[in-house]
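# Pasting the sequence and the predicted coordinates here, then a few questions.
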Amino acid sequence: MADWTRGQGGSRGRTGTWDAVDPRRRAAAWPDADFARSFAVRFRDWIVADTAPGRLLPWLPIAFGFGIVVYFSAEREPAWWAALGLAIGCAAIAVLARRRPVGFPIALGLAAVAAGFAVATLKTRTIAHPILALPASNVLIEGFVEQRDERERSDRIVVRIVKLDAARMNERPDRVRVSVRKGTAPPVGTYVSFRARLNPPLAPLRPGGYDFARDLYFQRIGAVGFVLGAIKTLDPPAPRGLWLRYASAIEHLRDGIDARIRAVVPGDKGAIASALITGKRDAITAPVNDAMYISGLGHVLSISGYHMVIVAGVVFVVFRALLALVPALASRRPIKKWAAVAALGAAAFYLVLSGAEVATQRAFIMTAIVLIAVMIDRAALTLRTLAIAAIAVMVVAPQAVVHPSFQMSFAATLALIAIYQHGLSWTIAGADSSVGSRIALWGGRQVANLLLGSLVAGLATTIYIAFHFHRLTPYGLIANLLAMPIVSAWVMPMGLLGLVAIPFGLDGDLWRLMGAGIGWMIAVANWVAALPGAVGRIPAFGIGPLLVASAGLVLLCLLKSPLRWCGAALIALASIVALRAPQPEVFIAADGLSLAVRQPDGRLSIHKIGTGTNFTVREWLAADADARNAADQTLPSGFTCDALGCIAKLPDGKSVALVLRPDAFAEDCGRAALVVTPRDAPPRCDATIVDRNRLRAGGALALRRDAERWEISAARPPGQDRPWARSLPQPSAPPATPTVRPAPRDATPRVEDLEPGDGPQ
């Protein structure tokens with residue numbers, strides 16, 4: 001071993017001093033002061049460039065949205081006065097710090113976070129309404145039909161309750177959503193009476209899964225279920241309000257257009273054409289619907305920013321072109337602004353006609369801001385415009401932040417604006433003056449822009465699709481490149497012309513032409529969906545990688561300096577963590593009757609009991625990246641069952657027992673590592689117990705084995721108490737099952753036609 005000695009001047013070296021080493025060697029071994037100083041100057045220049053005037057505005061909606069995310073992550077509902085007071089206090093601090101170059105942006109960002117938190121808190125308080133906590137049978141309901149949805153196999157209505165009669169109900173909701181047999185849903189505005197089986201809004205089917213109850217809460221729906229027997233139409237006890245008359249008129253208009261389109265263009269072509277015009281997309285058959293989403297064309301079916309831009313863009317171009325034909329107007333009047341006004345009116349009509357869903361409202365707000373920018377001579381599509389649109393959407397509907405459509409829409413738009421702001425000069429520079437060269441350049445530029453836009457939007461939304469839907473679309477670029485030019489240049493213009501021609505009776509051929517273009521899109525979707533590896537499945541992962549990837553996307557798109565590549569590193573890190581996320585060994589449904597256990601081959605073996613469990617099984621399989629369906633005969637192959645319960649083996653040889661009768665506790669508690677039961681467990685049991693009390697407190701569970709311990713995650717974590725996830729009351733005795741009188745089959749849907757949450761839980 002070399003002998004380290006202390007040299008003169010405090011230097012350290014071997015057989016000499018560090019100062020005696022060759023200067024070239026020292027330079028290679030340790031950065032000199034000039035390098036550090038140069039890097040510091042460069043880093044400061046990057047910071048200055050990224051915080052230049054106007055560069056910080058797009059960060060405000062990011063901070064505002066983060067405040068909303070913090071609100072939804074709270075265990076208990078915040079006090080409205082505390083949230084509002086915090087927002088006012090932070091705003092005051094920001095005003096006081098307005099002359100400080102560093103403190104002001106920080107204070108303003110904190111004020112935006114507090115404002116987002118306060119807006120979400122006040123929104124929840126404003127729409128507060130009763131939520132059904134326990135199932136109720138044979139409930140007599142009278143009320144007005146406010147919404148009607150036609151689906152492939154059954155229909156569904158939303159009823160505002162005027163009168164409700166039930167033997168046992170802990171809460172009496174104001175609005176309910178019920179399923180009815182196909183073709184029996186009454187029109188919007190009708191006053192109806194019926195008996196129904198009601199259930200609480202569906203809680204997450206697994207920890208980290210989508211919260212249906214939260215979504216319904218912000219739609220002001222307090223219970224779901226299905227109609228028992230016939231629906232009677234009665235005279236209303238009071239006149240319908242202005243809003244209900246408006247909703248009835250709009251629904252009548254939508255129904256008329258829908259019927260006309262589907263009469264001229266039958267099948268899936270007509271159903272998709274109606275979906276693009278009226279927003280009624282539930283009549284599309286399952287195979288075509290699946291092919292659209294697998295191929296990456298599913299975004300076409302949901303009216304969002306793309307459709308709104310096409311409608312507004314077509315009207316803008318046509319209106320401006322017609323005005324340009326009049327020289328006096330073209331040379332003396334602001335026809336561009338007039339065209340923007342016409343396009344805004346068309347977009348507003350399209351919003352109303354399509355049902356004004358949250359995603360469509362968001363698209364309209366963004367489109368309206370762009371058109372208003374044209375009217376006031378401002379750049380239309382910039383990060384500042386997107387920031388204003390995002391804040392407007394979040395103020396109106398803060399709950400949209402946790403919805404996948406909001407996340408994917410703004411992620412794609414942010415990425416597209418960023419990529420175009422960074423420049424596509426190669427598509428413009430060097431254009432020849434000849435007409436032929438210009439036409440060639442125009443065609444090549446449009447193809448390149450379409451290809452680049454599809455690639456960028458697809459990459460920006462990948463993490464959100466993987467998180468919410470557990471799948472990827474590896475051939476989405478191919479599908480969009482083949483189908484979207486036809487949709488943009490043919491399908492949507494024909495649809496708009498058909499809509500204009502309906503009053504004149506000249507719309508038939510236009511709908512048929514629209515159907516021909518849709519036929520091409522369906523053919524592309526089916527072809528791409530049939531390609532090898534078209535279904536890219538990915539196991540579920542936690543919220544952490546999603547937040548990290550979102551932060552990376554924001555840095556990559558908003559920063560101007562080379563610091564933006566830190567965002568790419570964050571996205572790569574999030575992707576690695578997401579792909580390496582450990583999967584649970586056991587899933588347990590909230591009722592304790594359905595159970596999934598991982599087998600030695602790595603796949604889940606699933607045992608299910610009762611009706612309405614297929615959706616739960618599909619959710620478990622999707623979260624596990626399993627291609628099997630809920631009807632697969634191999635699902636329960638790992639279980640051995642008898643009259644007392646079932647047994648399944650874990651990969652380590654330990655057993656999981658499902659106990660259905662008390663007689664099985666004595667044996668299973670001594671032999672199994674985990675005992676699951678929908679009953680009350682005995683006070684002494686050597687195994688880990690998941691019984692009725694634990695399920696009632698936490699809902700659906702996911703368990704992961706760590707050595708000899710079980711890590712248990714609950715869909716409703718302990719201590720959580722939110723308006724859409726109240727703690728369930730513990731009944732002193734099981735409620736008696738009321739007698740349901742026989743009902744005619746004209747309104748009662750079949751069990752297989754019910755959607756999640758409509759049937760018994």
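The structure has been received and is ready for your questions.

# Need the CA coordinates for the longest strand anywhere in the chain. PDB is fine.
When the chain is scanned for its longest strand (criterion: DSSP state E), the result is strand 136-150. Provided in PDB are the C-alpha atoms of strand 136-150 (Å, rounded to 0.1, in the frame of the first residue of the first chain):
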ATOM      1  CA  ALA A 136     -82.200   0.200  -1.400                       C
ATOM      2  CA  SER A 137     -84.800  -2.000  -3.200                       C
ATOM      3  CA  ASN A 138     -88.300  -1.200  -4.400                       C
ATOM      4  CA  VAL A 139     -87.900   2.500  -4.200                       C
ATOM      5  CA  LEU A 140     -90.800   4.600  -5.600                       C
ATOM      6  CA  ILE A 141     -89.500   7.500  -7.500                       C
ATOM      7  CA  GLU A 142     -91.300  10.400  -9.200                       C
ATOM      8  CA  GLY A 143     -89.400  13.200 -11.000                       C
ATOM      9  CA  PHE A 144     -88.400  14.800 -14.300                       C
ATOM     10  CA  VAL A 145     -86.100  13.100 -16.800                       C
ATOM     11  CA  GLU A 146     -83.100  15.500 -17.300                       C
ATOM     12  CA  GLN A 147     -80.900  13.300 -19.400                       C
ATOM     13  CA  ARG A 148     -81.300  10.300 -21.700                       C
ATOM     14  CA  ASP A 149     -78.500   8.100 -23.100                       C
ATOM     15  CA  GLU A 150     -79.100   5.400 -25.700                       C
END
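
# list the helices and strands it packs on?
Counting contacts by 3 or more CB pairs under 8 Å, 6 or more residues apart in numbering; DSSP states H and E, strand 136-150 packs against strand 154-165, strand 191-199, strand 223-233, helix 242-264. Every residue, glycine included, has its C-beta placed from N, CA and C.

# For that strand, which residues meet the burial criterion?
For strand 136-150, the neighbour count (16 or more other CB atoms under 10 Å) marks 136-139, 141-150 as buried.

# Contacts for the helix or strand containing residue 417, please.
Taking DSSP states H and E as the definition, one finds residue 417 inside helix 404-421. For helix 404-421, contacts defined as CB atoms under 8 Å, 6 or more residues apart in numbering pick out 302, 304-305, 358-359, 362-363, 366, 381-383, 386, 390, 393, 400-401, 452-453, 456-457, 459-461, 464-465, 468-469, 550, 553-554, 556-558.

# Tell me the buried residues within those residues.
Of the contacts of helix 404-421, these count as buried by 16+ other CB under 10 Å: 302, 304-305, 358-359, 362-363, 366, 381-383, 386, 390, 393, 400-401, 453, 456-457, 459-461, 464-465, 468-469, 550, 553-554, 556-558.

# Mean pLDDT for the helices and strands packed on strand 136-150 - can I get that in TSV?
As requested, the helices and strands packed on strand 136-150 are arranged in TSV below (pLDDT from 0 to 100):
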stretch	mean pLDDT
strand 154-165	91
strand 191-199	93
strand 223-233	92
helix 242-264	89
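
# nearest to residue 108, of those?
Nearest to residue 108 among the helices and strands packed on strand 136-150 is helix 242-264; the distance by CB to CB comes to 38.1 Å.

# Just the angle for that closest one relative to strand 191-199, thanks.
Interaxial angle, helix 242-264 versus strand 191-199 (axes from the mean of the first three to the mean of the last three CA atoms, to 10 degrees): 80 degrees.

# what's the average pLDDT for the very next helix or strand once past helix 242-264?
Using DSSP H and E, the next helix or strand after helix 242-264 towards the C-terminus is helix 267-278. Mean per-residue pLDDT for helix 267-278: 91.

# From the chain's centroid, how far away is helix 267-278?
Mean C-alpha position of helix 267-278 versus that of the full chain (CA atoms, centre = their mean, to the nearest Å) differs by 23 Å.

# Quick check: what element follows it along the chain?
Later in the chain than helix 267-278, the nearest helix or strand by DSSP H and E is helix 286-295.

# need the next SSE after that following helix, C-terminal direction.
Using DSSP H and E, the helix or strand that follows helix 286-295 towards the C-terminus is helix 305-324.

# how big is the angle separating that following helix from helix 404-421?
Calculated by the same axes, to 10 degrees, helix 305-324 forms an angle of 50 degrees with helix 404-421.

# Please name every helix or strand in contact with the helix or strand just after helix 305-324.
For helix 305-324, the following helix or strand on the C-terminal side (DSSP H and E) is helix 327-332. Counting contacts by 3+ CB pairs under 8 Å, 6+ apart, helix 327-332 packs against helix 305-324.

# switch to 6 Å and redo it
Here helix 327-332 touches no other helix or strand, going by 3 or more CB pairs under 6 Å, 6 or more residues apart in numbering; DSSP states H and E.

# Return the alpha-carbon coordinates of it using PDB.
Listed in PDB are the C-alpha atoms of helix 327-332, where the atom choice follows Å, rounded to 0.1, in the frame of the first residue of the first chain:
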ATOM      1  CA  PRO A 327     -64.200  43.700 -53.100                       C
ATOM      2  CA  ALA A 328     -65.700  46.500 -51.100                       C
ATOM      3  CA  LEU A 329     -65.800  44.400 -48.000                       C
ATOM      4  CA  ALA A 330     -62.500  42.700 -48.500                       C
ATOM      5  CA  SER A 331     -60.600  46.000 -48.900                       C
ATOM      6  CA  ARG A 332     -62.300  48.100 -46.300                       C
END
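
# by contact count, what packs against whichever helix or strand comes after that helix?
With elements assigned by DSSP H and E, the helix or strand that comes after helix 327-332 is helix 335-353. Here helix 335-353 touches helix 305-324, helix 358-375, going by 3+ CB pairs under 6 Å, 6+ apart.
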